[in-house]
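*Asks:* Test case, fold it:
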Amino acid sequence: MENTMSSETVLKYEAVAQELSRKIIAGLTPGSKLPPMRRLMADLKTSQATLDRALRLLWENGEITRIDGAGYFTVIPDAVPEKSNGQWTPVDFCFFFRDRVMGNPLYSKLLSLLMEYGRNYHFRINIFPYEEMGTVQGFQDKLLRSGSRGAILLGCSKSSFEYALRRLEIPSVHLYPNWVDDQSHSVMIDNYCCIETLIASLTELGHRNIAMLHGQGYDNCYMTDQEERIDAYYEIVRRYSLPVVPQNVLFGGYSDETGYKAVKELMTRSDSMRPTAIMANDYNITGVYRAIREAGLKPGKDISVTGFDNLDTAPLLNPSLSSLDISCEEAIRAALERLRLRMDKPETKGGVIRVKPRFIKRDSIQPCRTSILSQDRKIQGGVS
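*Replies:* Residues are numbered from 1 along each chain as shown. The predicted structure follows:
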């Protein structure tokens, strides 16, 4: 009797898995979260126990991915290759941010790309957010439970997490880390190139008084990328023989409100000190535009504005936002390739791989309406 019941149960959850894959997963876009459990149970007319086993089967087969504490998400079916020797290599992808980062469009894009390209390396990705201030022991326990053979860490700010991986002999690669050492393997944007690309584009249009909104300290987080960009700004401004105005580097954060507050301050300055161009980001841009308009000026025409990250919303803004594309595809491929290399050759030396950006020009930058000579005279007069 027990054997018969076991056989029927197996057949039932396999049938539910097939129906779930055919009717529901196939209709979702890559990287989408599956519907709530209760809705799936109702749609599939099955119990929670059977649905749990069906989801587990699909996850083991690489058709969906699981995010600890967040649920199941779809992958890209066309990107799934034949399994090598019937095996997938378990790899953890850990977000070292607060939970709300899961709604960040940039990291959602990174997640989707990781799911897509990870199949080409026969990686079965287990994704979990982990509190930046969480314990090392808790992090280590999660790795041991997942049976991970490799790890990609996003935004890691503690060397102790990397040291835990080394003790467990789990090879790792860091994406956009907030710390580095000689032994770690990291993939980062070329921040110097980013800032030089923006300043070069703006100076070609005649701008010399250029402000930069940074995000260092946002949400009480230290960010290596932000420190590098601030340092690069001062170095490149001097190299291009532009006026150095310390008040032009100020906190703009990553929200509408923080962007608005920063640009509101810039717009209240005298004509001699007010910048003709502002380097912002795609997250605070609506606040930036609002502050410019409240000053009786037009973004794009009177004040040129650039963004950072080239989110999907950038071309939809008015004016459409000129923004730096940080080449997420290249970064993900580089991280996966380095992780595979580390698995095959553990002796591989550490280092930082720098990914070059692409600047997408749109309507938010225009030729400066003030002559170069007039800008310099105004700035010198304002500073003195």
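
*Asks:* mind listing the strands for the chain?
*Replies:* Taking DSSP state E as the test, the strands found in the chain are 64-67, 71-74, 89-95, 123-129, 150-154, 172-175, 185-189, 210-214, 249-251, 277-279, 304-308, 322-325, 351-355, 358-360.

*Asks:* Tabulate the ones you listed in CSV, adding columns for mean neighbour count.
*Replies:* Placement of C-beta: from N, CA and C, glycine included. What follows is these, written out as CSV (neighbours: other CB atoms under 10 Å):
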stretch, mean neighbour count
strand 64-67, 20
strand 71-74, 20
strand 89-95, 23
strand 123-129, 22
strand 150-154, 24
strand 172-175, 26
strand 185-189, 23
strand 210-214, 24
strand 249-251, 17
strand 277-279, 27
strand 304-308, 27
strand 322-325, 24
strand 351-355, 15
strand 358-360, 15
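
*Asks:* Columns distance to Thr197 and mean pLDDT on top of those strands, output as CSV?
*Replies:* Shown next, in CSV, are the strands of the chain (distance: least, CB to CB, whole Å; pLDDT from 0 to 100):
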stretch, distance to Thr197, mean pLDDT
strand 64-67, 34, 71
strand 71-74, 33, 75
strand 89-95, 28, 88
strand 123-129, 31, 83
strand 150-154, 24, 94
strand 172-175, 21, 95
strand 185-189, 11, 96
strand 210-214, 13, 98
strand 249-251, 18, 97
strand 277-279, 10, 98
strand 304-308, 9, 98
strand 322-325, 7, 97
strand 351-355, 13, 95
strand 358-360, 5, 96
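
*Asks:* Go through those and name the closest to Arg239.
*Replies:* Evaluated over the strands of the chain, closeness to Arg239 peaks at strand 210-214, with 13.2 Å, by CB to CB.

*Asks:* what lines up beside the closest one in the sheet?
*Replies:* strand 249-251 (parallel), strand 277-279 (parallel) (DSSP bridges).

*Asks:* okay, these in a markdown table with distance to Ser322 next?
*Replies:* Below are those laid out as a markdown table (distance: least, CB to CB, whole Å):
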| stretch | distance to Ser322 |
| --- | --- |
| strand 249-251 | 20 |
| strand 277-279 | 10 |
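
*Asks:* Which of the ones you listed sits closest to Leu339?
*Replies:* Nearest of the strands paired with strand 210-214 (CB to CB): strand 277-279, 32.8 Å.

*Asks:* That closest one: how far from the chain's middle?
*Replies:* How far strand 277-279 lies from its chain's middle: 22 Å, per CA atoms, centre = their mean, to the nearest Å.

*Asks:* hey, where'd the helices end up in the protein?
*Replies:* With helices called from DSSP state H, the chain shows them at 2-19, 37-44, 48-60, 105-118, 136-146, 159-167, 191-204, 224-239, 256-267, 285-294, 328-344, 372-383.
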